[in-house]
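Colleague: what's the 3D shape of this:
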Amino acid sequence: MDQILKLLNDFASNELFNLVLGGILMYIFQILYEKAKKYSKRQFLKNELKKLKDNDIEKKVVDIANGDPDFSNENIFVRTVDIFGKTKSLYVSLPNEYKNEIIKKEETYGFSHTQKTIFNNDTSFDGSNSFDDLCKITKIDNLTSLIEKHRKIVGKQFLNNENGILFNGSKYGIFNIELKRFGEEEKPGVVIELFETDYFTHRLFRSIYHELKENNHKIINVDSHNYLQYKPFFTSFGINTVLITDGIKNDEIVLTKRSKSVNTDKELFHISMNEGFSQTDKDMFGKLDLELCFKRGLLEELGITENIYRNASYAAFYDFFLEMKNFEIGLTSVLRLDMNFEKDIATLIGRDKTLETSKFETLELNKKQIKNFLDKNEMIPHGKYTLERVLLREKISLQ
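Modeller: Take a look at the predicted model:
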């Protein structure tokens, strides 16, 4: 009997040892497998991004920085540039004759004080009202005369509510973007420094850019190394999002057809959501937060509420870019929901849903179907850029 008990103890000890050893080996295997999978995904992303550099889309969109694979929100820092407690700003005022006509018109309509247009005085980055410092920054010697010329052009558009100009709201422009790396894994991060501006100034610099572009000014040849030379033109910053949802068979991406109220040329397809960062995107402590802009855009353009957002299976910020049509900086992003678009989201109410979108299009997350759609339909260049970058993270290359 003792010998039998001894044999059973030895067998149990060996079994326990084998179980422990097996568990350790399985744990090591899982770690190595996850690392190998992560490395493979990063290499795929890196190789495909190199291929895209030679794509025609690159002539209309300039890569500034790519997340590897993303920029986590905790590694994105957004702040205004403050000097002695005063935020750096750039404002160009409307011509007095147009300003007076707008004031008279609004008084006739009976607008209240909070409804009336806000007018800002000429203010440059250095605090003066001359804009001479902008000539030095941009190396555009005649920039002050261009400002005077387009002040009148855009002022008239503003007076007559032309080209989608409806109000003179406050905006943020980008003064500087500084790329960072954090931790032993060197996770990508960024510090975004902003200046205050308004919608009239934004449309004025866009108008100047279009003239420079028509005259083949070297501004059209900027790259990721010298783009900040033209920071007075970066009077807007937007988040561009692709929504991925559950389909009948497979996952689906959601595209939109932008109405003429947004794209004045013609109705073109775009990504799911495009929202500009504003002065309302602050937390309860007054800190600027990119995620708040992200959530606000999803609510206003798609009707996706905070409760739905909380149940998202994945959300991420991916790439900073400069689109060359209007010379604006943007950020690509993705939101993945375990919901069906037609059944659960299409009927939701969003403030700008009908104003900015004339049609929604869902496509199966499938290379062949997406390529067929893009071959037959025209898409806004930076919308196509955003779609390509998001699909790369899904291991789908359209090349």
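Colleague: between the two ends of stretch 166-175, how far is it?
Modeller: Distance across stretch 166-175, first residue to last, is 26 Å (C-alpha to C-alpha, to the nearest Å).
Colleague: likewise for stretch 105-123?
Modeller: 26 Å.
Colleague: list the buried ones in that stretch?
Modeller: For stretch 105-123, a neighbour-count test (16 or more other C-beta atoms under 10 Å) marks 117, 120, 123 as buried. Yep, even glycine has a C-beta here, placed from its N, CA and C like the rest.
Colleague: export the residues you listed to JSON lines and tack on secondary structure and distance to residue 218?
Modeller: Shown next, in JSON lines, are the buried residues of stretch 105-123 (DSSP: H, G, I helix; E, B strand; the rest coil; distance: C-beta to C-beta, whole Å):
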{"residue": "117", "secondary structure": "coil", "distance to residue 218": "36"}
{"residue": "120", "secondary structure": "coil", "distance to residue 218": "30"}
{"residue": "123", "secondary structure": "strand", "distance to residue 218": "27"}
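Colleague: let me have the residues you listed in JSON lines, adding pLDDT as columns.
Modeller: Listed next are the buried residues of stretch 105-123 as JSON lines, based on pLDDT from 0 to 100:
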{"residue": "117", "pLDDT": "89"}
{"residue": "120", "pLDDT": "95"}
{"residue": "123", "pLDDT": "97"}
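Colleague: just those residues now: which is nearest residue 376?
Modeller: Set against residue 376, the nearest of the buried residues of stretch 105-123 by C-beta to C-beta is residue 117 (42.9 Å).
Colleague: residues contacting residue 154?
Modeller: Each residue near residue 154 by C-beta atoms under 8 Å, 6 or more residues apart in numbering is listed here: 165, 200, 203, 204, 207.
Colleague: confirm that the first one sits in a helix.
Modeller: Right, residue 165. No - with DSSP: H, G, I helix; E, B strand; the rest coil as the criterion, residue 165 is assigned coil and is not in a helix.
Colleague: and it, its phi and psi?
Modeller: Note on residue 165: backbone dihedrals following degrees, to the nearest 10 are phi -90, psi 110.
Colleague: doesn't residue 203 make contact with it?
Modeller: Yes - using C-beta atoms under 8 Å, residue 165 is in contact with residue 203, at 6.2 Å.
Colleague: now do the shared contacts for these two.
Modeller: Both residue 165 and residue 203 are in contact with 154, 157, 158, where contact means C-beta under 8 Å, 6+ apart.
Colleague: just confirm the second one is within a helix.
Modeller: Yes - the assignment for residue 157 (three-state DSSP) places it in a helix.
Colleague: got the contact list for it?
Modeller: Shown in contact with residue 157 (C-beta under 8 Å, 6+ apart): 163, 165, 203.
Colleague: now do the same for it: its pLDDT.
Modeller: Note for residue 157: predicted pLDDT of 92.
Colleague: coming back round to it: by neighbours, which of the contacts of residue 154 wins?
Modeller: residue 200 (28 neighbours; other C-beta atoms under 10 Å).
Colleague: that one and residue 94, how far apart?
Modeller: 6 Å (C-beta to C-beta, to the nearest Å).
Colleague: where does this structure have low pLDDT?
Modeller: 1-23, 25, 29-59, 260-265 (pLDDT under 70).
Colleague: change it to 80
Modeller: Applying pLDDT under 80 to the chain flags the ranges 1-59, 163-167, 259-266, 350-357, 399.
Colleague: could I get the full set of helices for it?
Modeller: 2-52, 96-109, 132-138, 143-159, 199-214, 290-302, 306-310, 353-356, 367-376, 381-393 (DSSP state H).
Colleague: didn't residue 365 look like it was pressed against residue 246?
Modeller: No - the pair residue 365 / residue 246 is not scored as a contact, 10.3 Å apart, by C-beta under 8 Å.
Colleague: mind listing the shared neighbours of those two?
Modeller: Counting by C-beta under 8 Å, 6+ apart, the contacts common to residue 365 and residue 246 are residue 252.
Colleague: contacts only, for the residue nearest in space to the middle of the chain.
Modeller: Centroid-nearest residue in the chain: residue 239, 2.2 Å away (criterion: C-alpha atoms, centre = their mean). By C-beta under 8 Å, 6+ apart, the contact list for residue 239 reads 273, 274, 275, 277, 290, 293, 294, 297, 317, 330, 331, 333.
Colleague: now neighbour count too, for these, in TSV please.
Modeller: Listed next are the contacts of residue 239 as TSV, based on neighbours: other C-beta atoms under 10 Å:
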residue	neighbour count
273	27
274	21
275	21
277	27
290	21
293	23
294	23
297	26
317	23
330	23
331	26
333	28
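Colleague: closest to residue 62 out of these?
Modeller: Using C-beta to C-beta, the contacts of residue 239 come closest to residue 62 at residue 330, 10.7 Å.
Colleague: ok, the closest one - contacts?
Modeller: Neighbouring residues of residue 330 by C-beta under 8 Å, 6+ apart: 237, 238, 239, 240, 320, 321, 322, 323, 382, 386.
Colleague: among the residues you listed, which one sits closest to residue 143?
Modeller: Relative to residue 143, the closest of these is residue 322; by C-beta to C-beta it sits at 19.0 Å.
Colleague: that closest one bridge partners, please.
Modeller: residue 62, residue 329 (DSSP bridges).
Colleague: that one and residue 174 touch, don't they?
Modeller: No - when contacts are counted by C-beta under 8 Å, residue 322 is not listed as touching residue 174 (9.9 Å).
Colleague: now do the shared contacts for these two.
Modeller: The contact sets of residue 322 and residue 174 overlap at residue 329 (C-beta under 8 Å, 6+ apart).
Colleague: what's the neighbour count on residue 299?
Modeller: Residue 299: 22 surrounding residues under other C-beta under 10 Å.
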